[in-house]
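Colleague: Prediction below, plus the sequence it came from.
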Amino acid sequence: MTENPIQSASEGAFDAFHTPQRELVDDCVHCGFCLPACPTYELWGEEMDSPRGRIHLMESGLDGEPLSGSMVEHFDNCLGCMACVTACPSGVDYGSLITQTRAQVERRHQRGFWERMLRSTIFALFPYPRRLRALRGPLALYQRSGMAELLKRSGLLAKLPPHMRTMESLAPPVRRAPKLPERVKARGQRRAVVGMVTGCVQSAFFPDVNAATARVLASEGCDVVIPPAQGCCGALSEHSGREAEAVKFARGLLDKLHAADVDYVVINSAGCGSTLKEYPRLLADDPDYAARAEHFSERVRDVSELLDELGTVAERHPLPGRIAYHDACHLSHGQGIRSAPRALLREIPELELSEINRGDICCGSAGVYNLLQPQAAGQLGDRKAENVADTGADLLITANPGCSMQIRTALERRGESMPMAHTVEVLDASIRGTGVKSLSER
Amino acid sequence: MTTSTGDAVRGALTGAIGSERVRDAEEGDTVGGVRPRWVASVATTEQAASAMSAAAEHGLRVVPRGSGSKIDWGAPPEAVDLVLDLSQAGGVLEHAAGDLVLHARAGTPLDEVRRVAADAGQQLSIDQPLPTATVGGVIATGTTGPGRHLYGAVRDLLIGITVVRPDGVVTISGGKVVKNVAGYDLGKLYTGSHGTLGVITEAIFRLHPVAEQHRWISVTLDEPAAAGEAVRVVRSSQAMPTAVELERAGTTGPITVCAQIEGRPGATHQRALELSEVLGSAVGVTGEVLDTAPEWWGEYPFDGDTGLRLGVEPSAVAALLTGAQQAAQRRGVTLRTRGSVGLGLVHAAIPEEVPPATVAELVGELRAAAAEHHGYGVVLRAPRAVLASVDPWGPIPAGVLTLMRRTKDQFDPEHRLSPGRFVGGIR
Amino acid sequence: MQPASTANQTEAETAPTDLEGLIGRFREALAPESVITDPQRLRTYECDGLASYRVVPAVVVLPENADQVGEIVAACAEYGIAFVARGSGTGLSAGALPRSDGVLIVTSRMRRILEVDVANERAVVEPGVINLDVTKAAAPHGYYFAPDPSSQQVCSVGGNVAENSGGAHCLKYGFTSNHVLALEVVTPDGDTVELGGRARDVPGYDLMGAFVGSEGTLGVVTKIVVRLLRAPESVQTLLAGFPSTDEAGGAVSKIIAEGITPAAIEMMDALSIEAAEQAVRCGYPEGAGAVLVVELDGPAPEVEHTFAEVQRHCRDHGAFEVRVAADDAERAMIWKGRKSAFAAVGRISPDYIVQDGVIPRTALPEVLTRISALSAESGVRVANVFHAGDGNLHPLVLFDGSEPGAVERAEEVSGSILDVCLAHGGSITGEHGVGADKVKYMGRMFTEQDLDTMQRVRCAFDPDNRCNPGKVFPTPRLCGEAPGQRRGVHPLTEAGLADQF
């Protein structure tokens, strides 16, 4: 199905299965508007670590250049934050290009032993809510799995343990959050029936966010359907080029949620939301699922998007204080959702909203990027933390669990801290009138 | 030297441009005390080219001249054989009013340009003060006036230029459109080059509309520090002053800071009153709004005196004035200062009667005072005795001087154009 | 040794160069990751914003400070190897096109704003600093950096200096050369000099004036002192929709004739509106054959009055909709459509050429008619975006490279447009520069002697022609004997006039 007859599996960087599309590559006019938007260009100032440079590398690959280690390095360096997509005036579909490229890399490039170990560990853990939940912290697994010994012997991965340790300290003690019921009834007049995707990291580490989401939706007149035992949506795998795995997860989630008869499918995690909306592409080759994916993704909404779309009915109680809103890349760049969460937060009386300087640059979390590229992620985290601290806000709001963990760690490295909450938790506190301290003094 | 050889040269010049255009030089043709042998008067670019070709053939050293209003500026030339007089090469060739562009020959008096532009409600914003100054001379010396604060200097207004090279070849740079980045912008290089790179014969300028009303806001203060503050307040206001000038008639005594604003009738006066109030409250002295410019406005403070241009970074004007005051006081010299302080430029005058040695010392100290603030001091013109003991240009950093020298060598490899008149003894 | 002395690289004829030795020198002077020799990585630097010209450089270096630039250039001088400087790589004339036998010096890591000096209304920046970041740094103090090329969010100040970049607001405020006070420059010899100065009118030749806009052929700039302007008290922006470019052009002429100097007047025709609309959904008036973006700034009472006049002139000339930006967000939206126009054309055509020509503003109607005729005769679509206030046209010549002959037809139309500009007394480039792309047109605008004269400056700075060779000038000038050799007494004086004849 390749468009390029010259190309074969033995020549060039890519094989014929889902080759990065030449037409998409050709859409790039080389104007460079993406450069300042790109976090890695911001860090290193190198062409090949910019979106324009990566597209150029893809082009070389299509022209017959082999998939060399250096080429792979620059693809791996991409955070997939999609800030370049926002910046691009020519409408280059970088998202598709990098996803296709990553899948090729995973299939065709032989990584070193230690890196393979690291990746398989990550993907044996994160996409499985129950495995995550079973942990007291990642360190437990890290020790139990025998990884500790392996990692210690690897110079490459010497940087990893601190991250995992940090994560252990970050991960809130698995709270005895009330188990979510399978259905929450709308308060007052019913305006919609929504199915809720509970996510992996969100449900394991931030169960309060899911509870708040259900409460806020109910308060705004939604019947919330929460199918139990949901699997991973496939986002982490897809963003890392593990296409087959991502497809498997996507089918699983569709099976779970398709049965529910809902008007909308709601998600409160930005990274997952952006993948749910991409299901049609992910499942395009699957005759059994293609149509269902199309139907499904049309109904997918980020929770802030849906609340903004529906309009608020529940009364907001004042929450005096200053908050800073952090744009999760997969929300702002991936899904183009910037104004909805801000509008919802501005509706809350006495709540002051500060903007974060250079807010459009990724914090470095980017799915599992901070585990795979700890150094770059750390530098980006430091920059983000500085800008966040500069706002002087009492509370940082973000719609992605990865961002929260990343920024919290980075702030701690600076010897600072700032309480964090998800947009819906703030709305929940305002609707319930529990006050700002319910969020900042948890 | 025999008469016949002189005749041969003269014959060549006559052959090139006609006998009525060539004459022997007179006392009044001396350039910085150096008397040329001939004067060739040309009316067009082509004639200038012919004259320069003839001069090249005979190895003549040439000084171009317009009306001669600033012929005594700069260092005396090492030698001059021929003065190329461009005062007859006048005339506005084109005024494209709709494009705000004007094309004139180098010998055109600026006054004539002003009249032509004014007919269309436009101006060439080079409000330099000398009444006979020509287009070419103003470019060669880079002279400006108060309006330069907003509208820019000669280099910013010149968009195209025709120059005859020392070898007689006519070349152009730029063009008749304001926006143009094709090739090097040689107009800027020729601006202020004092006739050392080529003979400017035509120029194209961008014009600006003339505002309907002008007002001047003036405050008079006792001390340089207060004057510096007044300048800062005006500069940093949003009133958009088109000029910010200063005048001090003596070494000490009152300093007047005066800003010009312009715009449509009525509103301009109102804005002037507002700026005057802001200014007055900042420096504690009531400002005054004037309907006409003060009589000193835009005039040089020197005539037969030693006239300097001192430049510093704009925030250092007060420091410069203080330094100048102290240096003059130490020598009991009356120093007049005046200039475009909004840009950190000040003209200073040391009276003609001050002994040259004292002038030289004072110039040295003024240069030192300016240098403390990234500045410099140039002696624009001076009595001959003073120039004997002062390098009018002052020191130029070695690396840049090398580049300047190489530039001159490239443009004038035989060193025949105004040799020795420019910085660093470039010949 | 004089390698790389012609536009067409004739490696066979030049003496073998010790590239490996030079690279070794770079590795001593720079961090390992700052010297790029991996072929795939090098290839990402093969072109700037004009991707139709591609040459893979022999080596790319990424200096982090002025000293390193000095060392790199000095080493190039020692080894006799040509070099090209590059900033963000957004130029549209292939001015930063590398040399396959040369070094590409990329300043993208030199992006520190060293100083914002409000008292002196200036900032000191490194060459890799992004244009818009200068304004961002000055804005809290109520100041801004005036040059605003459409790529200002990505282009570097060093690149602006090389190209003498303009932008929409240069109608009133001038170009980069009007806003640079001083430059620190590494000359092709490897020496560091300061051109211009922090005071105005420093004595000597205005070498800075010649350097700005010299397209990287005179040296590598390592520090730039720029003027900052006080932010205007009031800014008003309007968007007016007209049935066609004729009416819009009439409005422009009227506005200028009335003695109004807007901060900017920009025009877009139907095709470019369509592209911008698809790209950024800027919401321009529906059905417009042309739009004007007019911005006025200055003291509030002046702007208020003049803005009303401008609106009246637009309506008098057939504007069917005049939309006034109510706030910064609306102003940004109006500008977004205009500033993204070039790249946006990628949405309506697979390939296109961005042309950049200048005409006297009054010739606009005639020239536009001529361009439409060229388009009709050739069947090649042309979208027009221009800085109408100063007659700077950006015709976008659309084509599909996969169609046989399409490129040639587009290039012919594009070249003919420049001829039309020249026939009206205009210029072949208003802001994109000559670079490698327009070298072939220089002879149509200047005589050989004009170009020779310009290259005398080149010879003063770079006698060995190692600094971005092959750009700007169609034929390199041989600089002859080392300049400055001829010293001593003038021959006429020495021999005496009598002996002379």
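Modeller: Great, that's in hand.

Colleague: Run through the stretch 301-442 of chain A and note the low-pLDDT ranges.
Modeller: Across the stretch 301-442 of chain A, the ranges flagged by pLDDT under 70 are A:441-442.

Colleague: same deal with chain C?
Modeller: Scanning chain C for pLDDT under 70 picks out C:1-16, C:481-501.

Colleague: Excluding chain neighbours, what is closest to the residue in it that chain B sits nearest to?
Modeller: Nearest residue of chain C to chain B: residue C:209, at 2.5 Å (Cβ to the nearest Cβ). From N, CA and C alone the C-beta is placed, and that goes for glycine too. Spatial nearest neighbour of residue C:209, chain neighbours left out: residue B:188 (2.5 Å); criterion: Cβ to Cβ, 6 or more residues apart in numbering or on different chains.

Colleague: Kindly provide the distance from that neighbour to residue C:454.
Modeller: Between residue B:188 and residue C:454 the computed distance is 12 Å (Cβ to Cβ, to the nearest Å).

Colleague: So for these two, which sits in the more crowded spot?
Modeller: Between residue B:188 and residue C:454, residue B:188 has the larger neighbour count (other Cβ atoms under 10 Å in any protein chain shown), namely 28 against 25.

Colleague: Could I get the phi/psi values of the more buried one?
Modeller: As for residue B:188, its main-chain torsions (degrees, to the nearest 10) stand at phi -70, psi -40.

Colleague: Contact partners for it?
Modeller: Residues in contact with residue B:188 (Cβ atoms under 8 Å, 6 or more residues apart in numbering or on different chains) are B:155, B:158, C:177, C:206, C:208, C:209, C:210.

Colleague: Return the residues of the stretch 101-250 of chain C in contact with chain A.
Modeller: Residues of the stretch 101-250 of chain C lying close to chain A (Cβ under 8 Å from any Cβ of the partner chain) are C:106, C:108, C:109, C:111, C:128, C:130, C:151, C:153, C:154, C:155.

Colleague: So which of these is surrounded by the most neighbours?
Modeller: Taking other Cβ under 10 Å as the neighbour criterion, residue C:155 ranks highest of those with 29 neighbours.

Colleague: Excluding covalently adjacent residues, which one is nearest to it?
Modeller: Nearest one to residue C:155, counting by Cβ to Cβ, 6+ apart, is residue C:90 at 4.7 Å.

Colleague: Can you tell me the element the one you found falls in?
Modeller: Of the helices and strands defined by DSSP states H and E, none includes residue C:90.

Colleague: just checking, it touches residue C:49?
Modeller: Yes - counting by Cβ atoms under 8 Å, residue C:49 is a contact partner of residue C:90 at 4.4 Å.

Colleague: Now do the shared contacts for the two.
Modeller: Joint contacts of residue C:90 and residue C:49 (Cβ under 8 Å, 6+ apart) are A:31, A:32, C:151.

Colleague: SS state for the first one?
Modeller: Classification of residue A:31 using DSSP: H, G, I helix; E, B strand; the rest coil returns coil.

Colleague: could I get stretch B:344-355 in CSV with only the CA atoms?
Modeller: What follows is stretch B:344-355, C-alpha atoms only, in CSV (Å, rounded to 0.1, in the frame of the first residue of the first chain):
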residue,chain,number,x,y,z
GLY,B,344,22.8,61.9,22.9
LEU,B,345,24.3,64.4,20.4
VAL,B,346,25.6,67.8,21.4
HIS,B,347,27.3,70.5,19.4
ALA,B,348,29.8,72.6,21.3
ALA,B,349,31.5,75.8,20.3
ILE,B,350,34.9,77.0,21.6
PRO,B,351,35.3,80.7,20.7
GLU,B,352,37.7,81.6,17.9
GLU,B,353,39.9,83.7,20.1
VAL,B,354,40.9,80.9,22.5
PRO,B,355,44.5,79.9,21.9
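
Colleague: Now do the domain split for chain C, please.
Modeller: C:113-230, C:232-347, C:349-433 (automatic domain parsing).

Colleague: of all these, which gets the most neighbours per residue?
Modeller: Mean neighbour count (mean count of other Cβ atoms under 10 Å in any protein chain shown) peaks for domain C:113-230 among the domains of chain C, with a mean of 24.
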